[in-house]
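S.K.: model this:
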Amino acid sequence: MEKWLPSRYLAFVASVVVLILAVLAWQDGRTAKAVAIVSAVLVVIGIADLAQSRSTLRRNYPLLCHVRFFFEMVRPMLRQYVVESDNEEAPFSHLQRAVVKQRSKDVLDLRPFGTEINVYEERYEWLNHSMRPSLVDSHDFRIDVGGVECTQPYSASVFNISAMSFGSISPNAIRALNEGARRGGFYHDTGEGSLSDYHRENGGDIVWELGSGYFGACERAGVFSEPRFVEKARLAQVKMIEVKLSQGAKPGHGGVLPAPKVSAEIAATRGVPMGEDCVSPSRHSAFDTPEELLRFIARMRELSGGKPTGFKLAIGHPWEWFGIAKAMTTTGILPDFIVVDGGEGGTGAAPLEFTDHVGTPLREALMLVHNTLVGLNLRDRIRIGASGKVITAVDIARTLAIGADWCNAARGFMFALGCIQSQSCHTDRCPTGIATQDARRWTRLDVPDKATRVANFHANTLRALKELIQAAGLDHPSEFGPEHVIRRVSSHDVRSLATLYRFLEPGELLAGIPEHIVFQRFWAASRADTFAAPAELIARRATKLR
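M.R.: Model prediction:
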């Protein structure tokens with residue numbers, strides 16, 4: 001049979017035969033008519049497969065190819081709900097998503113019978129507890145942000161909503177997040193997509209993020225405008241100003257809002273053409289050196305009326321961060337805060353290579369920033385925030401232990417809104433109405449209900465953090481240190497993070513270059529007046545090319 005009818009055509013031929021027989025039996029009743037209609041549809045699909053030329057698979061396997069397409073479509077859902085174990089993170093495990101759901105709904109989040117985690121597996125971590133637990137009155141843990149040049153310091157929660165732009169997420173998602181932040185007394189970062197009317201509607205505290213497009217503070221995309229910046233920066237609701245240098249999920253790439261999401265409203269808000277991909281420049285036009293960056297921050301702090309002003313970055317080339325740190329000493333200008341974004345951070349749309357293989361993961365990035373400021377005797381004058389897959393109180397405790405003052409989360413609060421991790425954020429077809437601009441979808445997201453869930457998730461996570469703090473015998477999350485976190489490095493060897501990593505002593509960089517491979521390799525060669533690679537590195541590249 002293969003010689004005259006390859007088996008890959010059997011489904012199509014069978015549909016044709018069934019259609020003919022059903023048409024001949026048309027008068028026999030409803031069953032024959034139903035079979036005729038169904039088989040006719042299949043025949044039409046088969047003919048379309050054979051006639052088109054874009055897909056070889058469809059031409060070679062008419063009808064049958066659609067079985068593959070179907071399973072390819074449902075594969076992410078099958079993996080998430082059927083195949084994956086509860087603890088498998090891709091990117092968040094079922095248990096992680098479940099605990100957010102339980103806490104956001106304010107229902108019992110206790111676990112019976114014992115841990116499902118293999119505690120003898122390499123990289124397992126735990127927190128050391130005290131035999132004299134403390135008693136902490138409130139879970140409302142806060143950090144004061146604002147240096148000596150800041151006239152309007154801000155008291156920030158240790159857990160806040162990380163940057164998610166209007167455009168990347170929907171109007172009702174913005175409304176619910178901001179109302180949840182207002183109820184819970186924590187801040188809501190706008191993301192680089194500008195401060196929209198939806199952010200302002202409910203009055204929750206705002207951190208206004210400006211990326212390289214300066215959306216909302218520009219004459220045109222990429223060109224900063226002081227008058228337009230002042231209009232929004234001096235609003236009472238805006239508590240802090242954050243310059244985005246890079247984002248963990250796509251550092252060095254610039255922001256991307258796919259064309260299907262660029263509605264007329266977003267185009268007007270950002271100042272970009274409707275129906276085209278909205279791509280932020282990959283670099284800033286307002287500054288070109290570390291010293292110019294700090295002068296820009298000082299100017300923004302002045303224009304805002306003295307509000308805390310800082311920057312967010314994902315660590316890449318160490319000498320660039322070292323250049324910024326050195327510029328703090330040469331100019332005498334300090335940011336009020338720095339937010340470190342880990343390479344594992346989320347995004348609505350980014351190339352695969354950037355998502356998976358560009359950007360330093362949070363722990364290493366955070367420790368480098370923290371160590372540098374400690375070594376320069378600047379750590380007590382600059383606050384550090386951190387973001388990158390922070391979901392539970394343990395995530396917060398670990399992150400604070402290695403150098404942060406507070407944590408931000410984006411996807412955790414998306415789960416609180418009802419996100420099911422369908423990973424369709426870039427398609428404008430988000431099933432929960434969160435990451436879409438399709439009004440038929442986002443209007444179904446109930447703002448009062450989801451705002452309650454956002455506030456509940458925040459409060460219950462901090463209550464869990466309070467319990468961890470009490471168990472460790474501490475009084476505030478700022479007291480967590482690397483000695484509290486223990487990691488299994490093999491089946492028979494465990495280390496505290498204090499012994500596993502090199503933490504600098506105060507002022508150590510002022511006395512010389514410490515025994516730390518990154519500092520030894522790049523500190524002396526970094527410069528405050530340029531982001532360029534060190535001269536010897538450039539020379540080595542030239543030698544390699546000869």
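
S.K.: Kindly list the main-chain dihedrals of Arg142?
M.R.: Backbone dihedrals for Arg142, given as degrees, to the nearest 10, come out at phi -130, psi 160.

S.K.: Between the two ends of stretch 310-322, how far is it?
M.R.: Stretch 310-322 stretches 16 Å from its first residue to its last (Cα to Cα, to the nearest Å).

S.K.: Report the buried residues of that stretch.
M.R.: 310-322 (16 or more other Cβ atoms under 10 Å). For every residue, glycine as well, the C-beta is placed using N, CA and C.

S.K.: Secondary structure for the residues you listed - can I get that in CSV?
M.R.: CSV is the format used below for these (DSSP: H, G, I helix; E, B strand; the rest coil):
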residue, secondary structure
Gly310, strand
Phe311, strand
Lys312, strand
Leu313, strand
Ala314, coil
Ile315, coil
Gly316, coil
His317, coil
Pro318, helix
Trp319, helix
Glu320, helix
Trp321, helix
Phe322, helix
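
S.K.: which of the residues you listed lies closest to Arg103?
M.R.: The nearest member of these to Arg103, counting by Cβ to Cβ, is Lys312 at 26.2 Å.

S.K.: Who is that closest one paired with across the strands?
M.R.: The partner list for Lys312 in beta bridges (DSSP bridges) reads Lys244, Val339.

S.K.: By residue count, what's the longest helix in the protein?
M.R.: helix 447-471 (DSSP state H).

S.K.: so after that helix, what's the next helix or strand?
M.R.: Helices and strands here follow DSSP states H and E; after helix 447-471, the next one along the chain is strand 485-490.

S.K.: which SS state does Asn91 fall under?
M.R.: Residue 91: Pro, not Asn. At Pro91, secondary structure determined by three-state DSSP is coil.

S.K.: ok, now which ones touch it?
M.R.: Glu344, Gly346, Lys389, Arg411, Gln421 (Cβ atoms under 8 Å, 6 or more residues apart in numbering).

S.K.: Please pick the buried ones from the residues you listed.
M.R.: Among those, the ones that count as buried by 16+ other Cβ under 10 Å are Glu344, Gly346, Lys389, Arg411, Gln421.

S.K.: thinking the fourth one is in contact with Cys419, fair?
M.R.: Yes - in this structure Arg411 lies within contact range of Cys419 using Cβ atoms under 8 Å: 7.2 Å.

S.K.: So which bits of the longest helix of the chain are buried?
M.R.: Judged by neighbour count (16+ other Cβ under 10 Å), helix 447-471 contains these buried residues: 447, 450-462, 464-466, 468-470.

S.K.: Just name whatever secondary elements it is in contact with.
M.R.: Contact here means 3 or more Cβ pairs under 8 Å, 6 or more residues apart in numbering; DSSP states H and E; on that basis helix 447-471 packs against helix 94-104, strand 159-161, helix 171-184, helix 393-401, helix 411-417.

S.K.: Where does pLDDT dip in this structure?
M.R.: Scanning the chain for pLDDT under 70 picks out the ranges 1-5, 77, 79-90, 248-257, 261, 271-272, 345-352, 354-357, 539-546.

S.K.: cutoff 50 now
M.R.: By pLDDT under 50, the low-scoring segments of the chain are 1-2.

S.K.: Quick check on Val279: phi, psi?
M.R.: Phi and psi for Val279, reported as degrees, to the nearest 10, are phi -110, psi 120.

S.K.: That one - how many residues pack around it?
M.R.: Applying other Cβ atoms under 10 Å, we find 15 other residues in the vicinity of Val279.

S.K.: Distance check, it against Gly481.
M.R.: 42 Å (Cβ to Cβ, to the nearest Å).

S.K.: Kindly report the same for Ile37.
M.R.: Computed as Cβ to Cβ, the Ile37 to Gly481 distance reads 71 Å.

S.K.: and if you look at His317?
M.R.: Here the criterion is Cβ to Cβ. By it, His317 lies 29 Å from Gly481.

S.K.: wait, which of the helices and strands packed on helix 447-471 is closest to Arg441?
M.R.: Evaluated over the helices and strands packed on helix 447-471, closeness to Arg441 peaks at helix 171-184, with 9.6 Å, by Cβ to Cβ.

S.K.: any idea of the angle that closest one forms with helix 447-471?
M.R.: 40 degrees (axes from the mean of the first three to the mean of the last three Cα atoms, to 10 degrees).

S.K.: what's the helix or strand that helix 171-184 is followed by packed up against?
M.R.: Sequence-wise, the next helix or strand beyond helix 171-184 is strand 188-189, with elements assigned using DSSP H and E. Under the contact definition 3+ Cβ pairs under 8 Å, 6+ apart, strand 188-189 sits against strand 159-161, helix 171-184, strand 206-210.

S.K.: Which residues does strand 188-189 contact?
M.R.: Surrounding strand 188-189, the residues in contact under the criterion Cβ under 8 Å, 6+ apart are 160-164, 177-178, 181, 199, 204-207, 209, 242, 408.

S.K.: Next SSE downstream of that strand?
M.R.: For strand 188-189, the following helix or strand on the C-terminal side (DSSP H and E) is helix 197-200.

S.K.: Which positions in that next one come out as buried?
M.R.: Using 16+ other Cβ under 10 Å as the test for burial, helix 197-200 gives Tyr198, His199, Arg200.
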